[in-house]
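Asks: Take a look and give me a structure for this.
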Amino acid sequence: MARLRSFQRLAAHFVDIADFLLVYIEEAHPSDGWVSSDAAYNIPKHQCLQDRLRAAELMREGAPDCPLAVDTMDNASSAAYGAYFERLYIIQEEKVMYQGGRGPEGYKISELRSWLDQYKSRLQSPSAVVIQV
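Replies: Take a look at the predicted model:
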């Protein structure tokens with residue numbers, strides 16, 4: 001939940017230069033599967049899309065201002081982006097510009113913030129134009 005709040009703060013800080021989207025994928029530690037001792041929620045393995053949609057609502061509570069999408073039951077988005085089980089991306093014009101490490105260890109909001117800070121600086125810096133006479 002703390003990571004989600006950090007993401008929410010990041011999204012609020014960079015709302016002027018980026019659109020943010022959360023994508024809820026399959027549950028990493030379902031209560032009826034590979035249970036984690038520090039799991040914040042008791043969510044069983046999704047048996048249908050309705051199960052996944054209900055679980056995604058818990059994510060929405062942690063970041064209410066971010067749009068939320070839900071992966072299909074065949075986990076197409078998760079597979080396409082190698083998101084097992086959390087990952088950060090920046091996509092511009094259909095191209096991956098930043099790919100964070102796989103979570104939980106590789107999930108680093110600080111790296112994403114650094115990339116966005118550099119991008120914002122480039123946007124705010126006037127480009128030098130050289131005119132030869």
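
Asks: where's the nearest residue to L49 once chain neighbours are set aside relative to M97, distance?
Replies: Nearest residue to L49 in three dimensions, chain neighbours excluded: M73, at 5.6 Å (Cβ to Cβ, 6 or more residues apart in numbering). Quick note: C-beta positions are derived from backbone N, CA and C, even for glycine. Separation of M73 from M97 (Cβ to Cβ, to the nearest Å): 29 Å.

Asks: Next, the buried residues of stretch 87-106.
Replies: Within stretch 87-106, the residues that count as buried by 16 or more other Cβ atoms under 10 Å are R87, L88, I90, G100, G103.

Asks: now the residue nearest to L49: how far from E57?
Replies: For M73 relative to E57 (Cβ to Cβ), the value is 17 Å.

Asks: what's around Y107, how many residues?
Replies: Under the neighbour criterion other Cβ atoms under 10 Å, Y107 is assigned a count of 18.

Asks: doesn't G101 make contact with it?
Replies: Yes: counting by Cβ atoms under 8 Å, Y107 does reach G101; the two are 7.0 Å apart.

Asks: list residues touching both of those two?
Replies: R87 (Cβ atoms under 8 Å, 6 or more residues apart in numbering).
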